[in-house]
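# Predicted model and sequence below, questions to follow.
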Amino acid sequence: MNSQDLKHPKKDIGKLLYTDLLPLSKDGYDVTEEFLVHVVQIILDFLKKSNDRTTKVVDFHQPHQLREFLDMEIPDDPQPLDQLLVDCRDSLKYQVKTAHPYYFNQLSCGLDMVSLAGEWLTAAANTNMFTYEIAPVFILMEQVTLKKMREIIGFPNGDSILGPGGAISNLYAMLVARHKMFPNYKQQGLKTLPQLVMFTSEHSHYSIKGAGMVSGLGTDNVIEVPCDDRGKMIPAELEKRVREAKAKGQRPFFVNCTAGTTVLGAFDPIHPLADICEKYDMWLHVDAAWGGGCLLSQKYKSRLAGIERSQSVTWNPHKLMGSLLQCSTVHFKEDGLLISCNMLCADYLFQQDKHYDVTYDTGDKVIQCGRHNDIFKLWLMWQSKVA
Ligand SMILES: *Cc1c(COP(=O)(O)O)cnc(C)c1O
């Protein structure tokens, strides 16, 4: 590509280098503007093509072919800005057009333009979500939006966090459940625990098994419960397995109820599962990563009837709600558990003597350190729609 391909070239940035951009070049604003306007033009062209039903969703090539078309090696010398623009355009050329009307793939599709605008702004703000100090607006936005989501679920109080995906959200739920029942685990580890077992349907997402694996239970202790012919967990089969586990001296502590299974889109019946959890003192988690969006629909929210009886909920706005990837939330009915489970009080980051209320800092609620700003693209998108 050369500058003639572009719609409004103000200045030929030709062979200029990154050193001609801000901040390395003190008067690099004009070049920077020109470079970024070119990038925006490339993006707009891509979006236009993506929304054209006569274009292919993907121009597929085998890996070895793509390696031939696209020179991806890191060069020895800095590449000029016009070459970077060629790279930008070529990179999109062979990318799957996930915004295409004919794109349907694993549970997220479409490209919400307002959410995209939010993601651009997020990139420009380029901040980290661990403290109020470094992301004041976005931390407050998180609080407001997550509170709204808890209200929709039916948790009047509680706490929530945005994390890197539903699998991690499910892991958080399981870790917090264990912390609530066995607070000594945090300091003393597995030796203080009885043999814990958790339950999930045979159609549930594999991340539940993953949570059992990484948390030290072992996948044998993630017990699969049979489903009916519509793919819903059978409550009587759950109760049977809970009793069997207790008879073996194991401690059933966690039930995962899937609201929207990955393959069939089935909703496990929450009320009967909640009854069993109350009877046997188990934590009820609802994995509504996919189906959570139905809570916003008058027509479909009854599929999640009883969700307010659970102790925790995973809900991915990047699925049914259409927010850009990645956007995943996990919600807890009880406040204070998430922080007490995960906090390690790193004092270089979470000083307690700051001149603002440090309970606004979210960094010690998670097992990550830094956390990406996933709120702005969701918040902005939600502003644009009727609730
Ligand atoms: C998608 C999905 C997950 C995993 O979410 P990621 O964001 O991909 O980690 C977990 N559970 C269910 C039911 C899902 O649909």
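Perfect, thanks for sending it.
# Please identify which residue in the stretch 51-200 of the chain comes closest to the ligand.
In the stretch 51-200 of the chain, no residue comes nearer to the ligand than G166, which is 2.5 Å away by C-beta to the nearest ligand atom. For every residue, glycine as well, the C-beta is placed using N, CA and C.
# Is the residue nearest to that residue when sequence neighbours are not counted in a helix, a strand, or coil?
Sequence neighbours aside, A289 is the residue nearest to G166 in space, at 3.4 Å (criterion: C-beta to C-beta, 6 or more residues apart in numbering). A289 falls in the coil class when you classify it by DSSP: H, G, I helix; E, B strand; the rest coil.
# how much space is there between S323 and V114?
Noted for S323: a distance of 10 Å to V114, by C-beta to C-beta, to the nearest Å.
# would you say R89 is within a helix?
Yes. Assigned with three-state DSSP, R89 falls within a helix.
# for the residue nearest to it when sequence neighbours are not counted, what are its contacts?
Nearest non-adjacent residue to R89, counting by C-beta to C-beta, 6+ apart: I42, 5.1 Å away. Counting by C-beta atoms under 8 Å, 6 or more residues apart in numbering, I42 touches L85, C88, R89, L92.
# where's I42, which helix or strand?
helix 29-50 (DSSP states H and E).
# which of the residues in that helix are buried?
Neighbour-count burial for helix 29-50, counted by 16 or more other C-beta atoms under 10 Å, picks out V31, T32, E34, F35, V37, H38, Q41, I42, F46, L47, K49, S50.
# OK, contacts around the residue of the stretch 51-200 of the chain closest to the ligand?
By C-beta under 8 Å, 6+ apart, the residues touching G166 are H205, S207, D287, A289, T314, N316, S328.
# The first one: what secondary structure?
Assigned state for H205: coil (three-state reduction, three-state DSSP).
# Counting neighbours, what do you get for T19?
A count of neighbours around T19, defined by other C-beta atoms under 10 Å, yields 9.
# now the strands for the stretch 151-300 of the chain?
Shown for the stretch 151-300 of the chain, the strands assigned by DSSP state E, counting those that start in this stretch span residues 159-163, 196-201, 222-225, 251-258, 283-287.
# Please work out which of those is packed deepest.
Of all the strands of the stretch 151-300 of the chain, strand 283-287 has the most neighbours on average by mean count of other C-beta atoms under 10 Å, namely a mean of 28.
# what would the contacts of I42 look like in CSV with distance to the ligand, neighbour count and pLDDT?
Listed next are those as CSV, based on distance: C-beta to the nearest ligand atom, whole Å; neighbours: other C-beta atoms under 10 Å; pLDDT from 0 to 100:
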residue, distance to the ligand, neighbour count, pLDDT
L85, 32, 21, 96
C88, 27, 17, 95
R89, 29, 18, 95
L92, 23, 16, 94
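# and the gap between V286 and N126?
V286 is 34 Å from N126, where distance means C-beta to C-beta.
# repeat for E237
E237 is 49 Å from N126, by C-beta to C-beta.
# so who does H64 touch?
Counted by C-beta under 8 Å, 6+ apart, H64 has zero contacts.
# Now it. Its backbone dihedrals?
Here is the backbone geometry of H64 (degrees, to the nearest 10): phi -70, psi -30.
# re the thing from before, from the buried residues of helix 29-50, which is closest to the ligand?
S50 (22.0 Å).
# burial of G231, as a residue count?
G231: 18 neighbours (other C-beta under 10 Å).
# doesn't V263 make contact with it?
Yes. Using C-beta atoms under 8 Å, G231 is in contact with V263, at 7.4 Å.
# Near the ligand, which residues of the stretch 51-200 of the chain are found?
By C-beta under 6 Å from any ligand atom, the residues of the stretch 51-200 of the chain that approach the ligand are L107, G165, G166, A167.
# didn't the last one look like it was pressed against G210?
This means A167. Yes. Using C-beta under 8 Å, A167 is in contact with G210, at 6.1 Å.
# so where's the stretch 51-200 of the chain uncertain?
The stretch 51-200 of the chain contains no residues with pLDDT under 70.
# Quick one: the helices in it, in order.
Applying DSSP state H, counting those that start in this stretch to the stretch 51-200 of the chain gives helices spanning 63-69, 81-93, 113-125, 136-153, 166-181, 185-188.
# which helices and strands sit right next to the longest one?
Read it as helix 136-153. Under the contact criterion of 3 or more C-beta pairs under 8 Å, 6 or more residues apart in numbering; DSSP states H and E, helix 136-153 touches strand 159-163, strand 312-315, strand 328-332, helix 375-383.
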